[in-house]
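**Student:** here's my sequence, what's the structure:
(chains A and B)
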Amino acid sequence: MSNVADRLRLLRKDAGLVSRLPAHVATTVPSRVDSLRKLLHTRERSVQKPLAAPAGTEIAPGVRYVEHSFAFETEPDLHVPRLADAAIDRRRLLCFDTETTGLAGGVGTRAFMIGVASWDANALTVRQLYLTTIAGELEMLKIFASWLREDTVLVSYNGKSYDAPLLKGRLRLNRVPHRLGELMHADWLHPTRRAYREILPNCRLATVEREILKIVRDDDLPGSQAPAAWLAFLRGQSSRDLSRVLDHNRQDVITLMHLGDHLARSGALRVEPKIRK
Amino acid sequence: MTLSIEKTRSHPLAASAIENLVTRWADKYGDRITGYIRRPAQAARYAEFPEELSADIREALERRGVERLYSHQREAWDHVQAGHHVVVVTPTASGKTLGYNLPVIEAVRTARAKALYLFPTKALAQDQVAELLELNRAGDLGLRTYTFDGDTPNDARQVIRIKGDIVVSNPDMLHQAILPHHTKWAQFFESLRFVVIDEVHTYRGVFGSHVANVIRRLRRVCAFYGVSPIFILCSATIGNPKEHAEALLGESVHAITQSGAPCGERHVLLWNPPVINPDLGMRASARSQSMRLARHAIRLKMKTIVFAQSRLMVEVLTKYLKDVFDNDPRKAPRIRAYRGGYLPTERRETERALRSGHVDGVVSTSALELGVDIGALDVAILNGFPGSIAATWQRLGRAGRRQQPSLGVMIASSQALDQYVVRHPEFFAASPPEHARIAPDQLLILLDHIRCAAFELPFVTGDRFGEADVGDFLEVLSESGVLHHEGERWDWIADSYPAGAVSLRSVADGNFVVVDRSAGKQLIIAEVDFSSAALTLYEGAIYMVQSRPYQVEKLDWDGRKAFVTPTTADYYTDAIDFTKLKVLDRFDGSNAGEGTCHHGEVHVVRHVSGYKKIKFYSHENIGYGPVTLPDQELHTSAVWWQLTEVSLERAFASRQEALDGFLGAAYALHTVAAVRVMADGRDLQKAVGSGDAAWFATRDTQGRGQWRDANGAPRDPDSTAHFLPTLYLYDNFPGGIGLSEPLFRQAAELVQQAIDLVQGCECSGGCPACIGPVLNSEDSGVSTQRERAATVLGLLGA
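**Tutor:** Here you go, the predicted model:
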């Protein structure tokens, strides 16, 4: 019973935890690493060669940058009464969305991809950053922070409760000075909910996009599969799905610009006494 | 034994009502009182306010009637100003709170410092905030003090993180909510100058080992924010406050052990219930005595607290007192029960009722041993020895706040430990309190917290975690996909929240909830921890809450739920269980007389076979019921003694006699061992069996050894070829918690003490005070059970 792993496995069982580890009888005394391996049900992994990144250029070690521009004709201003009395110059808007390693929350969850869309002269430019190594995070965050100007107005979908706090945490952890907390922030989730709560089965961005904006996506990778896609790439297993994550993220920030226009046109951005009930 | 009862008689007309009561009891029950300890009132020792204390704080204190400090408060101030970590060890109500509030408030006001206060329970945290708010109001000090616990609403949390000067929380919240979100607390951590941890004596054993690791994580996060706060620890009296504080903190700590606070005179009686059957050495129950004394004291308008050893006993005693004092349902109850497992709102309500003086008697488990403010009480009655000298004084200290004289009575049960203590009053009066022990590097606990720490901040190759080298852990955690290893860094990469899966309160996971589903509702009425579920929630069990009996109808073991309905049963139930052990690994061994003594790892199987129904009041056994539950398994460390067949054949006429001897010796060794280590009796267990779980021995109703096979069926001891009885003392925690190893090192002294205990006993053939309750019938042969135990111990002695 000198086998640490067996010991731990049994302790976990005593502790009322379900053990998924096989019974094991030690014949020789293994090293602690081997013992812990058995405990955690792992084996030594051969080191995989890094894969070629699916897109973009290496803008800093471990960080790749992807840029796309599209023609996008719209009004030069957007009126968001909740944020400002006067209409906002559309060039100030920065639609953003992150892809993260999970939804567990807490300091241990990070963004591996940040996409932003900005408009100028009837063109929409989407800029995306993603990590090819964990060590690239600091540079990625610095570049993102440099995109935030004093007069930037952030636009997101649920970003006030999710993406912005998460990025703030990562910026703080990496000691990157930033103005994320000081900027105006329009989160379309709330006006969308107010307008469509009773019409749509749910108010997820994909639903709103399909049912209201009539945008159809080809071969979309559901957002929930993004963490696994990035991990597969990071571990040198496959880069195929990561390029689909890039597409997904890009469409999300484009949709944000469309959705703003739609909400403004339909009057959902107006500040009014409650219409329903 | 009587100890200076004359002293009381010499003050027959003493002014104090307490002294009158002591005198009356001494006159009436003199032969039951085995010891009388009188701790004189102690005058206060004062010290001046420190020069550097701000004038407005001093004024706020003066407005609240504090004109100078007690000596220990000043000592704490001086050491904190010098940058030392301190641990303050002083009795209840000695003003230790001001001892840490003073340096904290000063620094908050002059240096915009922040402080984190940790209490073991929410109730204590709320008390603390109430006190700080009062001082704050008295001086208009502008302190922002908040509690942060599981009940704090989400919108309040952000305010607390940013605005709180003093955040009052508990280790569980630090572990599950603060550290894993430390970036949200960045401003707080950047200014964190003080961490106050109260009641550190409760952080021992498994819980303490977890808390030590949470403190390692806290210090790691503090280092990230560039701060190194001063820790101010407080403890009830324990034998090793400095060592314990240093084990928790991993740094040098200055101990302040002299209290300058005054205290009233304390009268303590050690009480042994009268012998009712001299042949069996049987005494009246502790319960009968507690109830008699509690009724008497409450009738004399003395606020009384009764401490019981188990939740079950709390309910039984509450019922008995309520039957006397609460039989008018139109009036507010005079008697309350208080214990773990009640819902928080119910406990707060009882605390309030106690503080306001509306309750005349309260029956509690150790839950009220801590510093929850329940106002002034006059009499503390301990129904049974709490298992340690430290806990005994802590409980006795519940009576006699505000310098009034107080009375404590420690009533011995028939258990050996109780009998040992009550018959050795000099031991009780003179012996220093026990040591608190933790094992922060226990493998399972360490693994849990390295995971949590990696989530909070990446590890860099070569990092240590406390004392531990974490390289191996990082490697396998990375192989399991939880960490990502890149260059020198090990980053958390999994989509999970490791702190959510780790409970500090025990290694065991998954509390059981007790659900009342009468009247078509599903109402949670209590929680029971995993380790005691099998003993209290089997189907058919009577489970009591505030002395209302509920019957368990269905136990969903995997779902961790027990469904109950109210019942009017006139009985309660008690589980019948037995234990078998198997040696897995020997760490160390030595000779012990003619035999051997070892220390190592064992596999323990505990089986609940059925339960007894016991009638209220008469306590007669009125029936049995079967229990079918999974066996409780435990891998833990143990110390054990063995004698060879040859030695046993020389010394005993039969294997049966040898078995009797082993059971008696186990009883005596367990008693002296439990006194030596600061374990509740429950944390250290005993057993007799073979070394391979092929058989084990229990006592039958007569106290004779009974040989049972691995399935629990009785067998003839002569029926096997090999006979190698083994006597075990084991840690009652998964993985062990460091009790048995020191016992192995002191094995020779232990055996000698057990010999003294057995030989020095005044009984004839064995009694609960030496080798356990036995019935020496005529046909039991030439030797008594006590002699057989002495023989086994003699063979194991040097």
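**Student:** surely B:A673 is in contact with B:D683?
**Tutor:** No - B:A673 is not in contact with B:D683 according to C-beta atoms under 8 Å; the separation is 10.9 Å. In short, each C-beta sits where N, CA and C put it, glycine included.
**Student:** and the two? Which one has more around it.
**Tutor:** Legend: neighbour count by other C-beta atoms under 10 Å in any protein chain shown for B:A673 and B:D683, higher for B:A673 (25 against 19).
**Student:** ok, now how distant is that one from B:Q759?
**Tutor:** Using C-beta to C-beta, to the nearest Å, B:A673 is found at 18 Å from B:Q759.
**Student:** same question for B:P120.
**Tutor:** Separation of B:P120 from B:Q759 (C-beta to C-beta) stands at 42 Å.
**Student:** ok, now B:A665?
**Tutor:** Taken as C-beta to C-beta, the span from B:A665 to B:Q759 is 12 Å.
**Student:** neighbour count winner among those two?
**Tutor:** B:A665 (30 against 14).
**Student:** just checking, that one touches B:C770?
**Tutor:** No - contact criterion C-beta under 8 Å: B:A665 and B:C770 do not qualify, at 10.4 Å.
**Student:** what do these two both touch?
**Tutor:** Listed as contacting both B:A665 and B:C770 by C-beta atoms under 8 Å, 6 or more residues apart in numbering or on different chains are B:V758, B:A789.
**Student:** now do the SS call for the closest residue to chain A within chain B.
**Tutor:** Nearest residue of chain B to chain A: B:D495, at 2.5 Å (C-beta to the nearest C-beta). Following DSSP: H, G, I helix; E, B strand; the rest coil, the label given to B:D495 is coil.
**Student:** nearest residue to it in space, please, no chain neighbours.
**Tutor:** A:G102 (2.5 Å; C-beta to C-beta, 6 or more residues apart in numbering or on different chains).
**Student:** same question for B:A693.
**Tutor:** B:A693 sits nearest to B:K582 (C-beta to C-beta, 6+ apart), 3.8 Å away.
**Student:** next, count neighbours for the one you found.
**Tutor:** There are 19 residues near B:K582, going by other C-beta under 10 Å.
**Student:** now it: how far from B:W695?
**Tutor:** To B:W695, B:K582 is 11 Å away according to C-beta to C-beta.
**Student:** who does B:E601 bridge with?
**Tutor:** Note on B:E601: beta-bridge partners by DSSP bridges are B:D585, B:S637.
**Student:** need the residues that contact the helix or strand where B:L407 lies.
**Tutor:** According to DSSP states H and E, B:L407 maps onto strand B:406-411. Residues from elsewhere that reach strand B:406-411, judged by C-beta under 8 Å, 6+ apart: B:18, B:21-22, B:264-273, B:286, B:289-290, B:293, B:297, B:302, B:377-385, B:392, B:395-396, B:399-400, B:421-422, B:428.
**Student:** so where's the longest helix in chain A?
**Tutor:** helix A:240-265 (DSSP state H).
**Student:** report the buried residues of it.
**Tutor:** A:241-260, A:262-264 (16 or more other C-beta atoms under 10 Å in any protein chain shown).
**Student:** model confidence for residue 240, exactly?
**Tutor:** Let's take chain A. On the pLDDT scale, A:R240 is placed at 87.
**Student:** if you could check chain B rather than the one you did, that'd help
**Tutor:** pLDDT for B:N240: 86.
**Student:** under a three-state scheme, what state does the residue lying closest to it once chain neighbours are set aside occupy?
**Tutor:** Spatial nearest neighbour of B:N240, excluding adjacent residues (C-beta to C-beta, 6+ apart): B:H435 at 4.3 Å. Following three-state DSSP, the label given to B:H435 is coil.
**Student:** any low-confidence regions in the stretch 51-200 of chain B?
**Tutor:** Residue ranges of the stretch 51-200 of chain B with pLDDT under 70: B:93, B:123.
**Student:** which parts of it are strands?
**Tutor:** B:69-70, B:86-89, B:114-118, B:145-147, B:166-169, B:192-197 (DSSP state E, counting those that start in this stretch).
**Student:** what's the separation between the residue of the stretch 151-277 of chain A found nearest chain B and B:L61?
**Tutor:** Nearest residue of the stretch 151-277 of chain A to chain B (C-beta to the nearest C-beta) works out as A:G169 at 3.8 Å. Plainly put, A:G169 is 41 Å away from B:L61 if you go by C-beta to C-beta.
**Student:** now do the contacts for A:R172.
**Tutor:** B:T183, B:A186.
**Student:** that one in helix, strand or coil?
**Tutor:** Once three-state DSSP is applied, A:R172 turns out helix.
**Student:** which intervals of chain A have sub-threshold pLDDT?
**Tutor:** In chain A, residues with pLDDT under 70: A:1-49, A:272-277.
**Student:** pull the longest helix from chain B.
**Tutor:** helix B:655-676.
**Student:** which other helices and strands contact whatever helix or strand comes next after that one?
**Tutor:** Moving toward the C-terminus from helix B:655-676, the next helix or strand (DSSP H and E) is strand B:684-689. The contact analysis (3 or more C-beta pairs under 8 Å, 6 or more residues apart in numbering or on different chains; DSSP states H and E) places strand B:684-689 against strand B:571-592, helix B:655-676, strand B:695-699, strand B:726-731.
**Student:** so what strands line up beside strand B:684-689?
**Tutor:** Strand B:684-689 has the following strand partners under DSSP bridges: strand B:695-699 (antiparallel), strand B:726-731 (antiparallel).
**Student:** can I get stretch B:295-313 in PDB, CA atoms only?
**Tutor:** Output of stretch B:295-313 as PDB, limited to C-alpha atoms (Å, rounded to 0.1, in the frame of the first residue of the first chain):
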ATOM      1  CA  ARG B 295     -33.900  22.000  37.000                       C
ATOM      2  CA  HIS B 296     -32.700  23.100  40.400                       C
ATOM      3  CA  ALA B 297     -30.600  26.000  39.000                       C
ATOM      4  CA  ILE B 298     -33.300  27.200  36.600                       C
ATOM      5  CA  ARG B 299     -35.900  27.200  39.400                       C
ATOM      6  CA  LEU B 300     -33.500  29.400  41.400                       C
ATOM      7  CA  LYS B 301     -33.700  31.900  38.400                       C
ATOM      8  CA  MET B 302     -30.100  31.200  37.400                       C
ATOM      9  CA  LYS B 303     -29.500  31.300  33.600                       C
ATOM     10  CA  THR B 304     -28.200  27.900  32.800                       C
ATOM     11  CA  ILE B 305     -26.500  26.200  29.800                       C
ATOM     12  CA  VAL B 306     -26.300  22.500  29.500                       C
ATOM     13  CA  PHE B 307     -23.700  21.100  27.100                       C
ATOM     14  CA  ALA B 308     -24.400  17.700  25.600                       C
ATOM     15  CA  GLN B 309     -22.000  15.500  23.600                       C
ATOM     16  CA  SER B 310     -24.200  14.700  20.700                       C
ATOM     17  CA  ARG B 311     -27.000  16.300  18.700                       C
ATOM     18  CA  LEU B 312     -29.200  13.400  19.800                       C
ATOM     19  CA  MET B 313     -28.500  14.100  23.500                       C
END
